[in-house]
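Q: Using only what follows, build the 3D model:
(2 chains)
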Number of protein chains: 2
Amino acid sequence: VPDERLLHELREIVGAEHVLTEADVRAPFERDWTGRFGGPCTCAVRPSAAREVAAGVRAGAGAHVPIVAQGGNTGLVGGGVPGPSGRPPVVLSATRLDGLGEVDADARQVTVGAGVVLADLQEHAGAAGLAVAVDFAARGSATVGGMIATNAGGIHVMAHGSMRAQVVGLEAVLADGTTISRLSGLTKDNTGYDLSQLLVGSEGTLAVVTAARLRLVEAAVHATAALIGFDDVTDAVAAVRTLRGDVTGIHAAELLFDGGLRLVCEQFGLAPPLPRPAAAYLLVEAAGRTDVTDALAAAIEHLGVAPERTAVAVDAAGRHRLWQYRELLTSAISATAVPHKFDVTVPVSRLAAFVPAVESAVARVAGGVQVVVFGHVADGNLHVNVSGPPPDDEAVDDVVLGEVARFGGSISAEHGIGRAKARWLHLSRSPAEIAAMQAIKRALDPGGVLNPGVLLADLTTS
Amino acid sequence: VPDERLLHELREIVGAEHVLTEADVRAPFERDWTGRFGGPCTCAVRPSAAREVAAGVRAGAGAHVPIVAQGGNTGLVGGGVPGPSGRPPVVLSATRLDGLGEVDADARQVTVGAGVVLADLQEHAGAAGLAVAVDFAARGSATVGGMIATNAGGIHVMAHGSMRAQVVGLEAVLADGTTISRLSGLTKDNTGYDLSQLLVGSEGTLAVVTAARLRLVEAAVHATAALIGFDDVTDAVAAVRTLRGDVTGIHAAELLFDGGLRLVCEQFGLAPPLPRPAAAYLLVEAAGRTDVTDALAAAIEHLGVAPERTAVAVDAAGRHRLWQYRELLTSAISATAVPHKFDVTVPVSRLAAFVPAVESAVARVAGGVQVVVFGHVADGNLHVNVSGPPPDDEAVDDVVLGEVARFGGSISAEHGIGRAKARWLHLSRSPAEIAAMQAIKRALDPGGVLNPGVLLADLTTS
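A: The predicted structure is shown next:
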């Protein structure tokens, strides 16, 4: 039964046209990018200012209705959609918090709303001769707020760090409806606990981020990409170290396997990138103020790779062609079924051993399944996709995440824990750490208003 | 009256020779680098392992005696020494936590004890062909643990970020004696709140850091330094933007004034760096894998600076000579009296206006004083030193920090709040932020065991 008084309050705050209650209009807010239905919401609310978010949080808390903050809804672990149980929450959609502040070229910073889409921010920064350091395939829909909530990583972490490293300060609404604001752009500011950094990666459980002051980086004038075929992963991993040592400005080093590459070719009708298939592929890109194409070519020769196993691209069209094999992978994998998706990190030194180990482990519990692995080599970050077992069959999750723990890895590299991985949190965090996280959650959200069931599953709303 | 039972316990934990109770032996632990006496301690304890720290924290908590963690004792705000009131604490000195792990060249990381001195870490990384991104004048005594507790900045923040950006993960003992450990070196690890990052800059109030996994950066092969004279600060600030645009690898841009430079020359018998004095000086350094001396010279010409206003140095001896004017400043200022020291940030765009404003403000409340300003231009970070007024005369603190707040700045850029600046915390943090910080402090240290009186002055030990 919708809470009519709460709906009335919310309509007063944001205007009636921005409180969405009809089942078919609400539906897109109740399902994330994986296509799984999370749970019903009371309504989806679309605030356009921080003070509307604050009033909305106070209204929800007053009615004992939880608040779920949502950005571009490209999440893969159910962290930005309602859960299956408990009181249906209010979804606070950030998409109207889309202000793009003027770029501060002296400080190399910009202030933007939480609902700004990454691609729009990239264009805005580019117009001022600067760039956003974080980039990934979902750039056309992912928002700044979601990127902060999940500490988004992507393809350039090896050069510039993840979203955490780009956040100079945040504006955010706490569970009690008070607003904290650190948007003045001071890079050096050691006046107590860095609340902005605490919110990065907290998945909407401690506050609703409304705006961010972000660092920008020098825009690249030149870029060169190369796709290189290898006989095994060990060689590909070793190659990254050599290439980084030899070439300035390597900012991406993506690992692909033959199976994934063939899947993209089939799904999207693309020709293979090299004359003959290889077991593993490395897609590297160097970018900067000077053209390093010659240095990259020399470094690849230094690796002893045969010329027919390398495709190099300097112009935008050629680079786009090479990057397609990587960027279409997620869609190709999800085209026919909802896969079990794992986003894990293992120590770089153990990455090559991890891939066959996880494949064997999956084969032991589920026959005839498709396993597609790809990832960001320099970060030890692998995306493991298992298609075949039904979405609610957790045996495959148990073995994959168990292998990750056995290899001393993290069960979530860049997607967060959300609802989907909460059951396995103990594989990556010790009881002392979970207790400390719970203490912080209770301290900042004693009523359990913000995103109950996400991350710390056993702390639910009051 | 020393607590004999507590001393007995501590001796059991670390060995009797590492529990220092005699007044003259304790004395160096009760006074920080500024020379000010903080307060008496019950004893200074020198643990050599995390489990000894954990047992020590439990013993202190059990006896209701506070714990003050101390590193190289180069702090400037009294954050690592006992306070003047309350029960005399146990000082936990980290200097024996001095383990230097093997450098992991693939991951570009190293694990080190909290008591490792920065210069030793720099040498260790250098032997593996890598470098520590953070550097500052106190490198010979400052420890990794203290650098983490204060989120140390220094001269290369403009290129590599502050200590926060170097911390991949920490091992630390919480107030209840439990140990958290994130030393496996996973750069991408989004499994809940980043407790390591929360501890960076928390000044020993939330945990005692015992070890750190740190990021290393590419070692520079070439370095070029230039000291450039300007007629005013505005020109110097504008020059930094031009130089960064024109030259790859500018990693330091220090601002000095004629008064400070003359003070160094007098105190240390040095000749001035340029034929004629200038109002303001910029000390810039570019470093990297390639020699950019020509590009730097061209960029300085592009600025329109006359050749006799520039001193360029390429070899180590020459660079040392230029850097001396900057690195000896702190000692020169403190040679004759204990100055009122301020470490503040203002937005880069307001830096030039801030300098005369703060000088006028000081002149209004204190006549005949010496004001020496220097700083890190690209970060908007200025060190303001006022010699003359007695250390306990807070009128000068009120006006300097009041000006900082008026300029939208931070009252502590890189030294922290400690005990010395706690009274002015409200100038940089809102009531909502202070309330959130207090909630976190209470959640993780409900008994107020760790560093009471530091940072959040009104939360004292139980």
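
Q: Give me the nearest residue to the residue nearest the centre of chain A, chain neighbours excluded.
A: Residue closest to the mean C-alpha point of chain A, counted by Cα atoms, centre = their mean, is A:Ala152 at 3.8 Å. Setting aside the residues directly before and after it, A:Ala152 is nearest to A:Met163 in space (Cβ to Cβ, 6 or more residues apart in numbering or on different chains), at 4.6 Å. (C-beta placed from N, C-alpha, C; glycine too.)

Q: Next, find the distance separating the one you found from A:Val386.
A: In this view, A:Met163 and A:Val386 are 27 Å apart by Cβ to Cβ, to the nearest Å.

Q: need the helices for the stretch 1-150 of chain A, in chain order.
A: Along the stretch 1-150 of chain A, the segments classed as helices by DSSP state H, counting those that start in this stretch run A:4-14, A:23-26, A:50-62, A:118-127, A:144-149.

Q: Now mean neighbour count too, for those, in CSV please.
A: Shown next, in CSV, are the helices of the stretch 1-150 of chain A (neighbours: other Cβ atoms under 10 Å in any protein chain shown):
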stretch, mean neighbour count
helix A:4-14, 17
helix A:23-26, 11
helix A:50-62, 22
helix A:118-127, 17
helix A:144-149, 31
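
Q: Quick check: which ranges of chain A have low pLDDT?
A: A:1-2, A:458-462 (pLDDT under 70).

Q: hmm, 80 instead?
A: For chain A, residues meeting the criterion pLDDT under 80 lie at A:1-2, A:34, A:289-290, A:457-462.

Q: Can you name the residues of the stretch 101-250 of chain A sitting close to chain B?
A: Contact residues, the stretch 101-250 of chain A versus chain B (Cβ under 8 Å from any Cβ of the partner chain): A:104-107, A:150-151, A:153, A:157, A:161-162, A:164-165, A:174, A:178-182, A:184-195, A:197-198, A:200-202, A:206, A:237, A:241, A:248.

Q: Just the C-alpha atoms of stretch A:76-86, please, in PDB.
A: Written as PDB, here are the backbone C-alpha positions of stretch A:76-86 (Å, rounded to 0.1, in the frame of the first residue of the first chain):
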ATOM      1  CA  LEU A  76      26.000  -5.100 -12.100                       C
ATOM      2  CA  VAL A  77      25.400  -6.100  -8.500                       C
ATOM      3  CA  GLY A  78      22.000  -4.700  -7.700                       C
ATOM      4  CA  GLY A  79      23.400  -1.900  -5.500                       C
ATOM      5  CA  GLY A  80      21.200   0.800  -7.100                       C
ATOM      6  CA  VAL A  81      17.800  -0.900  -7.300                       C
ATOM      7  CA  PRO A  82      15.300  -2.000  -4.600                       C
ATOM      8  CA  GLY A  83      15.700  -5.300  -2.800                       C
ATOM      9  CA  PRO A  84      13.300  -8.300  -2.800                       C
ATOM     10  CA  SER A  85      12.200  -7.900   0.900                       C
ATOM     11  CA  GLY A  86      11.500  -5.200   3.400                       C
END
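
Q: That one: which residues count as buried?
A: Along stretch A:76-86, these residues count as buried under the neighbour rule (16 or more other Cβ atoms under 10 Å in any protein chain shown): A:Leu76, A:Val77, A:Gly78, A:Gly79, A:Gly80, A:Val81, A:Pro82, A:Gly83.

Q: okay if I get those as JSON lines plus distance to A:Glu4?
A: Formatted as JSON lines, those follow (distance: Cβ to Cβ, whole Å):
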{"residue": "A:Leu76", "distance to A:Glu4": "35"}
{"residue": "A:Val77", "distance to A:Glu4": "33"}
{"residue": "A:Gly78", "distance to A:Glu4": "28"}
{"residue": "A:Gly79", "distance to A:Glu4": "29"}
{"residue": "A:Gly80", "distance to A:Glu4": "26"}
{"residue": "A:Val81", "distance to A:Glu4": "24"}
{"residue": "A:Pro82", "distance to A:Glu4": "19"}
{"residue": "A:Gly83", "distance to A:Glu4": "23"}
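
Q: between those, which is closest to A:Gly447?
A: A:Gly83 (16.5 Å; Cβ to Cβ).

Q: for the closest residue to A:Thr178 other than its chain neighbours, what are its contacts?
A: In space, and not counting its chain neighbours, A:Thr178 is closest to B:Ala432: 4.1 Å by Cβ to Cβ, 6+ apart. By Cβ atoms under 8 Å, 6 or more residues apart in numbering or on different chains, the contact set of B:Ala432 is A:Leu174, A:Thr178, A:Thr179, A:Ile180.

Q: where's B:Ala432, which helix or strand?
A: helix B:431-444 (DSSP states H and E).

Q: could you check the angle helix A:431-444 makes with that helix?
A: Angle of helix B:431-444 versus helix A:431-444, following axes from the mean of the first three to the mean of the last three Cα atoms, to 10 degrees, is 140 degrees.

Q: Please compute how far helix B:431-444 lies from its chain's middle.
A: 23 Å (Cα atoms, centre = their mean, to the nearest Å).

Q: and the gap between A:Thr336 and chain B?
A: Separation of A:Thr336 from chain B (Cβ to the nearest Cβ, to the nearest Å) stands at 28 Å.

Q: swap in A:Leu303?
A: A:Leu303 sits 16 Å away from chain B, taking Cβ to the nearest Cβ as the criterion.

Q: surely that residue meets A:Ala239?
A: Yes - with contact defined as Cβ atoms under 8 Å, A:Leu303 counts as touching A:Ala239 (5.3 Å).

Q: joint contacts of the two?
A: Shared contacts of A:Leu303 and A:Ala239 (Cβ under 8 Å, 6+ apart): A:Ile228.
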